[in-house]
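Asker: 3D, please:
(chains A and B)
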Amino acid sequence: MPAPKVDRALVLHVAKLACLSLSDLEADRFAGELARIIGLVEQLDLVETSDVPPTAHVQLERAPWREDEPAPGLSHDDALAQAPRVEQGGFAVPTFVE
Amino acid sequence: MHDQGVTETAARVQKGETTAEATTEAALARIAQLNPAVNAFSHVAGEKAIAQARAVDAKRARGDKPGILAGVPVAVKDAICTRGIPTTAASKILAGYVPPYDATVIERLRAADAIIIGKANMDEFAMGSSNENSAFGAVKNPWDVTRTPGGSSGGSAAAVAARMTPCALGSDTGGSIRQPAALTGTVGIKPTYGRVPRYGLIAFASSLDQIGPFATDVRGAARVLSVIAGPDSRDSTSLVAKADDFEAACGRSVKGLRIGVPDEYFADGLDGEVSASVRAAIGELEKEGCVVVPVHLPHTRFAVATYYVLANAEASSNLARFDGVRYGLRVDEPGGDLRAMYGATRDAGFGAEVKRRILLGTFVLSAGYFDAYYIKAQRVRTLVRRDFENAFREVDVVCSPTYPTPAFRLGERMDDPLAMYLSDVYTLPASLAGIPAMSVPCAPTASGLPVGLQVMARPLDEATMLRVAAAWEARSSTRSARPAMAVGLEGTA
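Answerer: Below is the predicted model of the structure:
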């Protein structure tokens, strides 16, 4: 496939997908750097892989099931102890539904 | 003067020739003396370490036999969760985070009576090869403080190289244990994927990440590995496969073992002195009775591109959890909604390299590019694995340089991320294939900079890998070498 044009618009689109607020200055710098890195990645096109299955992981064994036994987890207080904002015994977040 | 590595320290504590409190105090004194110049530690847990040491001494006083790491101070990479001790992955986004639980490897170290002395500086979220991407500032190489110790486990490597601690834990996704081991003249092991449980390791790339030890010698690293290895019901990738006696393997003869030497690892870009040092080490192994044969790993040159697609795709997903809600930094935009808070928090909390990798990873997973980049890289990963499968039909281990150059100068590659990535070419293939690999020091350069010999083995065959590394170490004169700053230290590790 043709190489994508890595410019500020593409970087800002990807940044939005990744929940990163970037300044235009940052976006321009990353566009230049990512273009070079993606240029390197294009060399994978030199490898013939039509008959090669993908490797998603290299785990040697199938993971065994563990016994489904109840065990103590984190306490409510421990779970909330590191939260930047807590309200009414839960994690507090800004409004996300109107 | 004692040259006390892991096994010597534990033996002296077990026999009562010294106490865990004394070994801990001595390590804390060395850290106080040397760390200002090296910046290997992001946090020193002095009081907790002393309390832990006293508990080990009390156990011995009661007549119980202390564990096999009794009184051995350990520096723990700051990506590994330690209960009650700050754990930040060297990121502003986790500033002040104190985990409510221990990683499995920490539980196992404590059970073996090792002392958790502090947290080791690192590249932010383990992303880097120079330890310059840290919210705590760069780590300096104890052999030459104008140079990098390597990364991402640079603090772990530097702590051991400067003899602040006899051993450390790191994590290796694409070389983050082996490369700093090579650049600091220490022993570093990346075990088989799944050998060491990762419960409590802050995730970077889940199909690649593996925890492993650093030590001043092969036997010490083998002992730490034997303590942390083994199945864990809290990590579904941890292997049930029985582990060999890693320490016993270190004394076994290597006569008749077949060593593969791949042309692709002695190619353009390899420093001449590094090449000569590594070839000399392989020559010594031949004198010990090993049979040296050429092997081919033809897809080596595609490993960098493959790795940077796959590792960063996984990272972009793993780092989605840092959202300003449950832990860590939060930046609220006045009047802003949830997405504005996510964006502002992540922009303020992540450093440039982490953002670069999240962007690349998100891009290769995005609609329209997924098959062309991500699936394509997974297919090439299969070919890298097959290269090793073919080689290991002919040989027992593969030996190579760990890194193409000695330690480079701090700042030298910071403006050129691509040059930094390309230098990881010798460590990435073993990560992609999931095989065990380690770095052991070989003869230094004329200017005294360390060089690493990499030994790679079949999956689960750490024992043969250790056997070869220990056989070379026994013949080499580098084992007792230490940087000038670490010569003549009191109670040295």
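Asker: quick one: contacts for B:T300?
Answerer: Going by CB atoms under 8 Å, 6 or more residues apart in numbering or on different chains, B:T300 touches B:P262, B:E264, B:Y265, B:V384, B:D387, B:V425, B:P429. No exception for glycine: its C-beta is placed from N, CA and C like everyone else's.
Asker: take the residues you listed and keep only those in helices.
Answerer: B:V384, B:D387, B:P429 (DSSP state H).
Asker: before we move on, the earlier item: buried members of the contacts of B:T300 into PyMOL, please.
Answerer: To isolate the buried members of those in PyMOL, using 16 or more other CB atoms under 10 Å in any protein chain shown:
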select buried, chain B and resi 262+264+265+384+387+425+429
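Asker: of all the contacts of B:T300, which comes closest to chain A?
Answerer: B:V384 (8.4 Å; CB to the nearest CB).
Asker: does the closest one touch B:S431 like I think?
Answerer: No: here B:V384 does not reach B:S431: they are 9.5 Å apart, not a contact under CB atoms under 8 Å.
Asker: picking up where we left off before, in CSV, list the contacts of B:T300 along with pLDDT.
Answerer: Output for the contacts of B:T300, formatted as CSV (pLDDT from 0 to 100):
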residue, pLDDT
B:P262, 98
B:E264, 97
B:Y265, 97
B:V384, 98
B:D387, 98
B:V425, 96
B:P429, 98
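Asker: count of neighbours near B:A49?
Answerer: Using other CB atoms under 10 Å in any protein chain shown, B:A49 is surrounded by 23 other residues.
Asker: check contacts around residue 94.
Answerer: Chain wasn't specified; assuming chain A. Taking CB under 8 Å, 6+ apart as the test, what A:P94 contacts is B:D332, B:G336, B:D337, B:L338, B:A340, B:M341.
Asker: please go with chain B instead
Answerer: B:T87, B:T88, B:I202, B:F322, B:Y327, B:G328, B:L329, B:G349.
Asker: tell me how far it lies from B:E273.
Answerer: 39 Å (CB to CB, to the nearest Å).
Asker: any residue of stretch B:261-271 touching chain A?
Answerer: No: between stretch B:261-271 and chain A, judged by CB under 8 Å from any CB of the partner chain, nothing touches; the nearest distance is 14.4 Å.
Asker: picking up where we left off before, PyMOL command to pick out the buried ones of the contacts of B:L94?
Answerer: Only the buried entries of these go into this PyMOL selection, using 16+ other CB under 10 Å:
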select buried, chain B and resi 87+88+202+322+327+328+329+349
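Asker: which residue ranges of chain B form strands?
Answerer: For chain B, strands defined by DSSP state E occupy the ranges B:41-44, B:73-77, B:115-120, B:167-172, B:187-190, B:210-215, B:258-262, B:291-295, B:397-401, B:437-442, B:451-457.
Asker: winner for burial among these?
Answerer: strand B:187-190 (a mean of 33; mean count of other CB atoms under 10 Å in any protein chain shown).
Asker: excluding its backbone neighbours, what's nearest B:T24?
Answerer: B:A53 (4.0 Å; CB to CB, 6 or more residues apart in numbering or on different chains).
Asker: now for the one you found, how many residues are close by?
Answerer: 26.
Asker: what's the answer for B:V98, then?
Answerer: For B:V98, using other CB under 10 Å, the count is 16.
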